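Q: Curious how this folds, go ahead:
(chains A and B)
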2 protein chains.
Amino acid sequence: MPDLVPVHGGLDAPVNRVVPLSRRKQFLQEAAELPTVEVSRADLSTVYRIADGTLSPLTGPMDEATWHYVLDHDALDFGFRHYAWTAPISFPVADEEAKRIRVGRPVALVHEGEPVAIVRVTSLFEWDKPKHIEKFYGTRRTDHPGGRMILEDPRTKLLGGELWALPQVVDPEYGEFVLSPRQVRTLIAERRWERALAFQTRNPLHRAHEYALVAGVERLTRQGYFAGVVLNPLVGELKEDDVPARVRMRCYRALHDLKLLGKGDKDEALWRELGYDLTEVFELVGLDIKMLYGGPKEAVMHAIYRQNLGFTDIVIGRKHADAPYDDGTPIWGDFDAQEIFQHLRGDLRIQPCNIGFAAYFESVGRVDLIENHPGEKPVSISGSKIREMLTRGERPDERILRPEIADILIAYYREQAARKSNERQRG
Amino acid sequence: MPDLVPVHGGLDAPVNRVVPLSRRKQFLQEAAELPTVEVSRADLSTVYRIADGTLSPLTGPMDEATWHYVLDHDALDFGFRHYAWTAPISFPVADEEAKRIRVGRPVALVHEGEPVAIVRVTSLFEWDKPKHIEKFYGTRRTDHPGGRMILEDPRTKLLGGELWALPQVVDPEYGEFVLSPRQVRTLIAERRWERALAFQTRNPLHRAHEYALVAGVERLTRQGYFAGVVLNPLVGELKEDDVPARVRMRCYRALHDLKLLGKGDKDEALWRELGYDLTEVFELVGLDIKMLYGGPKEAVMHAIYRQNLGFTDIVIGRKHADAPYDDGTPIWGDFDAQEIFQHLRGDLRIQPCNIGFAAYFESVGRVDLIENHPGEKPVSISGSKIREMLTRGERPDERILRPEIADILIAYYREQAARKSNERQRG
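A: Take a look at the predicted model:
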């Protein structure tokens, strides 16, 4: 069966720059002789996603011309065609590291001392941070997570080239859910779906968040397609205070394995009429990729990753990938991430599936899109209140958070408290 | 990347006779109008494996001519070529059911009242049970599991035709490990292995059983190949007294996730020299397929399933798929399942990897093949003794069973005892 959607950039197949394990020894021997460039944990995921084709058609970090072209034109000038591409992707280099780098020669990318990739350098150039921030984030202000990420990085140069990376090691607790573009494409083909919808998240799903998957796949289904929906959470390690990937994956598995998705909220009549259930067209696949805190332009990148994974559609929310200024005011308009797809400056085959905020409404006795309930006050509890309850071992209102998910989080916060208490006693 | 091994029967891709979920409603409506044939739990797995291509090139149960041809020639006469095939595969039909069946018309295969497949019948014929037993099992005696399976079935007719089946529902606890031929082929391609070795089992792995995977992949590796090994256990429900698939999968996951495979037993120097470890070329994939208790001829079928899944090699043990007469005497010679591959009567691309019995030997302080220790007595505990210990909550000698695996089995036997005790109190 042919794939539902081509690889981005006009390629026949996803880029594959993963070095087989059988060549690791030789690879490490070669790397040991090379100048090194340290990559951060966040950039490490970029290394692996270039190698496995999630960032196709990139075959390495961008050279200077491409880096600027992307910021200036929101596109890759790749072959005879333009392809939508909004994020410049090159690797930062410290001045000390730069001294040993020669264009045309290879360097080893290392993380915490371990070589992870070799890049044949085609370009070593100044990191134009003001341009990066202004063009990508759409603001000259720097008091926001993306601006800080760039400015707090002491490095001033960037590196581009051709990359080959060792295979990524994934936590075995959920490793079987972290699939390459080729594997996701095979999974989608096996399901025989006509439309495959991806949903990105980095949080344990409240019932209102979860509803975006429900509303999205129900919309495609009502259009007459045999559609499936894939929860595609970030599984890399995130900010300190985020719930770790292992725990979140347990929450997502509960949602999947216990067939909770859309329970009480889905359009029962629709699914009954179709003769199959929402929970039968629902899959879980993890993705480890760098967060850019980039709002609308990051939304385009989210879509590109998913097209490479084989999805035809991606849920784009209001305030998608939002990260406001430190004073709490927004950088972007609520709908910017949805509107940017109307004005792309290059080819993109995946479709945005715009979904607004949802909440539980007493008038319908279920979660629904807020836009369907003008003037009605939804059931609402603040995120910090929910976290307080979970920390105390209490299940929040099940109209907000499913008890099966709450129990997993309660167990996590309990373990975390015990660990901290132990550390205090030892320390 | 091209697959390492072609699909059996000269096909370009595995057979796909799975009906998409989106057509289930229509499928069930059609099935409701059709004559029905009940399929057993064991034959149900055959239905699904025909549909997903594990039994390629079959597109349905065999017609009368093919059924006899296979028994007479151990091959499929498929196109211009002969392909090795040792087991006749048609579905039994009760006399009452047969009355309503017309050749050329469809029937619904049902399991416990639920339609699972539709077969357009091309053949309805007498089940020649004496021939089936004598040719497949190589004996006229019937006091063995395979003979009993055939003789105790009251049905006397068989059905052949073209099959389409609904998707199989797999236990979500381990569903992500049960992959179709296309998915296994993608997994193998992703690993970039040059040889992919499969190992079949239906038992929790003792350290001596586990060693077959170690010895097999080490042999291929020493031959200069970048080889991987996949533990490919049966996950269907087995005999009453077998450890259930869920529990066995927990054991296999522990072996995989805790990197226990070959611990203490593998050739450390070999792997150190290669620069990657045995545990890095080890994967787990479940398979639900019918057991035939057929010794050498079943071994050929085991190989065919694995070729369709994309494996280049399969471990064939001494007494492979063995099932002796009720008096304990063997039907087949110890090496018959290995020798049959020397005299195949049709094309088969997967290679047998013959591995003898293994055990722990004090002289080397690890598990090793028995053939390397003539005259030396290995460390040994009977299976029933091990089970007694586990039932009492005791870990057996770790030279026999790894403690991490023992703990999973102890927990299972404890739960089972508690459940039985509860049932007695209620009953």
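
Q: Please enumerate the helices of chain A.
A: With DSSP state H as the criterion, chain A has helices at A:24-32, A:41-52, A:64-73, A:95-100, A:129-132, A:145-151, A:181-191, A:207-222, A:245-257, A:268-274, A:295-309, A:336-339, A:383-391, A:403-426.

Q: Mean pLDDT added to those helices, as CSV?
A: Listed next are the helices of chain A as CSV, based on pLDDT from 0 to 100:
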stretch, mean pLDDT
helix A:24-32, 97
helix A:41-52, 96
helix A:64-73, 98
helix A:95-100, 97
helix A:129-132, 98
helix A:145-151, 96
helix A:181-191, 97
helix A:207-222, 97
helix A:245-257, 95
helix A:268-274, 97
helix A:295-309, 98
helix A:336-339, 96
helix A:383-391, 93
helix A:403-426, 92
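
Q: Backbone torsions only: list them for A:Ala323.
A: Backbone torsions for A:Ala323, taken as degrees, to the nearest 10, come to phi -160, psi 100.

Q: Excluding sequence neighbours, find me the nearest residue to it.
A: Spatially, and ignoring its direct neighbours in sequence, A:Ala323 is nearest to A:Tyr293 (3.6 Å; C-beta to C-beta, 6 or more residues apart in numbering or on different chains). Placement of C-beta: from N, CA and C, glycine included.

Q: And the residue nearest to A:Leu34 when sequence neighbours are not counted, how close does it get to chain B?
A: Setting aside the residues directly before and after it, A:Leu34 is nearest to A:Ala108 in space (C-beta to C-beta, 6+ apart), at 4.3 Å. With distances taken as C-beta to the nearest C-beta, to the nearest Å, A:Ala108 is found 16 Å from chain B.

Q: Now do the contacts for A:Ala108.
A: A:31-32, A:34-37, A:115, A:117-118 (C-beta atoms under 8 Å, 6 or more residues apart in numbering or on different chains).

Q: Tell me the one of the residues you listed nearest B:Lys25?
A: When those are compared for distance to B:Lys25 (C-beta to C-beta), A:Ala117 wins out at 49.5 Å.

Q: Report pLDDT for the closest one.
A: Per-residue pLDDT puts A:Ala117 at 98.

Q: is stretch A:166-185 anywhere near chain B?
A: Yes - using C-beta under 8 Å from any C-beta of the partner chain, a contact is recorded between stretch A:166-185 and chain B, made by A:172-173, A:175-177, A:180, A:182-183.

Q: end-to-end on that stretch?
A: The first residue of stretch A:166-185 is 22 Å away from its last residue (C-alpha to C-alpha, to the nearest Å).

Q: Specify the beta-bridge partners of A:Gly161.
A: Under DSSP bridges, the beta-bridge partners of A:Gly161 are A:Val121.

Q: Look up how far A:Gln168 lies from it.
A: Separation of A:Gly161 from A:Gln168 (C-beta to C-beta, to the nearest Å): 20 Å.

Q: More neighbours: which of these two?
A: More neighbours surround A:Gly161 than the other of A:Gly161 and A:Gln168, with 24 against 18 (other C-beta atoms under 10 Å in any protein chain shown).

Q: List the contacts of the more buried one.
A: Neighbouring residues of A:Gly161 by C-beta under 8 Å, 6+ apart: A:60-61, A:63, A:107, A:119-123.

Q: same thing but 6 Å
A: Shown in contact with A:Gly161 (C-beta atoms under 6 Å, 6 or more residues apart in numbering or on different chains): A:60, A:119-122.

Q: May I see those residues organised as a markdown table, with neighbour count added?
A: Below are the contacts of A:Gly161 laid out as a markdown table (neighbours: other C-beta atoms under 10 Å in any protein chain shown):
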| residue | neighbour count |
| --- | --- |
| A:Gly60 | 28 |
| A:Val119 | 25 |
| A:Arg120 | 14 |
| A:Val121 | 22 |
| A:Thr122 | 18 |
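
Q: B:Asp3: which of those is nearest?
A: Distance to B:Asp3 across these (C-beta to C-beta) is lowest for A:Gly60, with 27.9 Å.

Q: Can you tell me the closest non-neighbouring residue to the closest one?
A: A:Leu163 (3.7 Å).

Q: before we move on, the earlier item: check the helices of chain A for me and report the most buried one.
A: With neighbours defined as mean count of other C-beta atoms under 10 Å in any protein chain shown, the helices of chain A peak in mean count at helix A:295-309, which reaches a mean of 26.

Q: Figure out how far that one is from the centre of its chain.
A: Relative to its chain's centre, helix A:295-309 lies at 8 Å (C-alpha atoms, centre = their mean, to the nearest Å).

Q: and it with helix A:41-52, angle?
A: Relative orientation of helix A:295-309 and helix A:41-52, computed by axes from the mean of the first three to the mean of the last three C-alpha atoms, to 10 degrees: 40 degrees.

Q: right, is helix A:295-309 up against chain B?
A: No - on the criterion C-beta under 6 Å from any C-beta of the partner chain, helix A:295-309 is out of touch with chain B, staying 13.0 Å away.

Q: now the angle from that helix to helix A:64-73?
A: 120 degrees.

Q: by contact count, what packs against helix A:295-309?
A: For helix A:295-309, the elements it packs on are helix A:181-191, strand A:313-317, helix A:336-339, judged by 3 or more C-beta pairs under 6 Å, 6 or more residues apart in numbering or on different chains; DSSP states H and E.

Q: Kindly spell out which helices and strands sit in contact with the second one.
A: Taking 3+ C-beta pairs under 6 Å, 6+ apart as the contact definition, the neighbouring helices and strands of strand A:313-317 are strand A:195-199, helix A:295-309, strand A:351-355.

Q: my read: A:Leu34 touches A:Pro106, true?
A: Yes - between A:Leu34 and A:Pro106 there is a contact at 5.5 Å, judged by C-beta atoms under 6 Å.

Q: can you list the domains in chain A?
A: According to automatic domain parsing, chain A comprises the domains A:21-165, A:175-287+A:350-420.

Q: sorry, back to before: relative to B:Phe311, which of the helices of chain A is closest?
A: Among the helices of chain A, the nearest to B:Phe311 by C-beta to C-beta is helix A:181-191 (16.6 Å).

Q: and the closest one with helix B:41-52, angle?
A: Interaxial angle of helix A:181-191 relative to helix B:41-52 (the same axes, to 10 degrees): 120 degrees.

Q: How much space separates A:Leu234 from A:Ile289?
A: Here A:Leu234 is placed at a distance of 6 Å from A:Ile289 (C-beta to C-beta).

Q: cool, A:Val217 as well?
A: Computed as C-beta to C-beta, the A:Val217 to A:Ile289 distance reads 22 Å.

Q: Check the burial of A:His82 by counting its neighbours.
A: Residues near A:His82, counting by other C-beta under 10 Å, number 17.

Q: mind listing what the closest residue to it other than its chain neighbours touches?
A: Spatially, and ignoring its direct neighbours in sequence, A:His82 is nearest to A:Gly346 (3.7 Å; C-beta to C-beta, 6+ apart). The contact partners of A:Gly346, by C-beta under 6 Å, 6+ apart, come to A:75, A:82-84.

Q: quick one: which of these is nearest chain B?
A: A:Tyr83 (24.0 Å; C-beta to the nearest C-beta).

Q: Hmm, that closest one is touching A:Asp74, no?
A: No - the pair A:Tyr83 / A:Asp74 is not scored as a contact, 10.2 Å apart, by C-beta under 6 Å.

Q: Please enumerate the shared neighbours of those two.
A: Common neighbours of A:Tyr83 and A:Asp74 are not found (criterion: C-beta under 6 Å, 6+ apart).

Q: List, one by one, the residues from chain A near chain B.
A: Contacts of chain A with chain B, taken as C-beta under 6 Å from any C-beta, map to A:20-22, A:24-25, A:172, A:176, A:180, A:182-183, A:186, A:190, A:192, A:226, A:257, A:275-276, A:280.

Q: can we see that at 7 Å?
A: With C-beta under 7 Å from any C-beta of the partner chain as the criterion, chain A meets chain B at residues A:20-22, A:24-25, A:28, A:172, A:176-177, A:180, A:182-183, A:186-187, A:190, A:192, A:226, A:256-257, A:274-276, A:280-281.
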